[in-house]
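Student: sequence? don't have it. structure:
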């Protein structure tokens, strides 16, 4: 029984690293186009933004980075997760563009793995992105289950911390930018993972902006700076849900 606290410490401690290893995942690709509105295609927008994020991180000594596709090619969800694992990623960032029946919907949103049952809108988006997961398979045994739950909570906490830095660099006063969703690439990754919806293709003005190289570069800059803030402050961030709650009560 004394082995459990030791294992918990190992799981919840955040080691200092020389460079943050980041996997950039341009959503969709190949035959899977994602949302299409007019002549604007989600998979193409995601790739264009992701390439700009990759170039910025690749020039920054604080990061080691891989991009999962450089062209319009098919890549399964399982392959994306496997490639992230083989790269030994510290963080997985999936880039998408959003869509909504209400053409007034606009703005960026950041998704982390859901801990509570997904709401109707998140389920709709996950199905639209063809990224919904049926859930995780828990290991058998009390100790294994405890460690599984701790590791999951730690991963989601770190993902949430990344999303906070994204909101800070994007629009710190805007609410409801951080959401939970049942996305395969979030729940099946062993390390922190976020899904960035860079804007709505169904919003006429935002759709036009998303096709502009300068606007895409501004998005890449925000993502870069957010990840840099996260990497710089990793050792100072709470490493458990309990530590986060204690900090709020001080």
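Tutor: Good, I have the coordinates. Everything numeric in this text was worked out from a predicted model, so none of it was measured.

Student: going forward, measure contacts between C-alpha atoms and count neighbours the same way
Tutor: OK.

Student: Across the sheet, point out what pairs with the most centrally placed residue in the chain.
Tutor: The centre of the chain sits closest to residue 194, judged by C-alpha atoms, centre = their mean, with a distance of 1.1 Å. Partner residues in beta bridges with residue 194, using DSSP bridges, are residue 93.

Student: Surely it is in contact with residue 186?
Tutor: Yes: with contacts counted by C-alpha atoms under 8 Å, residue 194 reaches residue 186, the gap being 6.4 Å.

Student: joint contacts of the two?
Tutor: Listed as contacting both residue 194 and residue 186 by C-alpha atoms under 8 Å, 6 or more residues apart in numbering are 112-113.

Student: any idea how far residue 97 lies from residue 195?
Tutor: 10 Å (C-alpha to C-alpha, to the nearest Å).

Student: Those two: who's more crowded?
Tutor: Per other C-alpha atoms under 10 Å, whichever of residue 97 and residue 195 has more neighbours is residue 97, with 28 against 25.

Student: how about the strand or helix carrying the more buried one: buried residues?
Tutor: According to DSSP states H and E, residue 97 maps onto strand 91-98. Under the neighbour-count criterion of 16 or more other C-alpha atoms under 10 Å, strand 91-98 has 91-98 buried.

Student: Rounded mean pLDDT for that strand, please.
Tutor: Across strand 91-98, the average pLDDT comes to 97.

Student: same check, this time on stretch 113-123
Tutor: Here the average pLDDT along stretch 113-123 is 59.

Student: ditto for stretch 153-170
Tutor: So the average pLDDT for stretch 153-170 ends up being 92.

Student: Please apply the same query to stretch 216-225.
Tutor: Per-region confidence: stretch 216-225 scores 98 on mean pLDDT.

Student: Quick one: residues in contact with whichever strand or helix holds residue 23.
Tutor: Element membership of residue 23 [criterion: DSSP H and E] is strand 20-26. Strand 20-26 is contacted by residues 43, 46-47, 50, 53-54, 62-69, 80, 84, 87-96, 231 when judged by C-alpha under 8 Å, 6+ apart.

Student: ok and it relative to strand 91-98, angle-wise?
Tutor: For strand 20-26 against strand 91-98, the angle by axes from the mean of the first three to the mean of the last three C-alpha atoms, to 10 degrees is 30 degrees.

Student: What pairs with strand 20-26, parallel or antiparallel?
Tutor: Strand 20-26 is paired, per DSSP bridges, with strand 63-67 (parallel), strand 91-98 (parallel).

Student: export these to CSV and tack on distance to residue 25?
Tutor: Converted to CSV, the strands paired with strand 20-26 look like this (distance: least, C-alpha to C-alpha, whole Å):
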stretch, distance to residue 25
strand 63-67, 6
strand 91-98, 4
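
Student: Can you tell me which of these is nearest to residue 30?
Tutor: Residue 30 lies closest to strand 91-98 among the strands paired with strand 20-26, at 14.5 Å (C-alpha to C-alpha).
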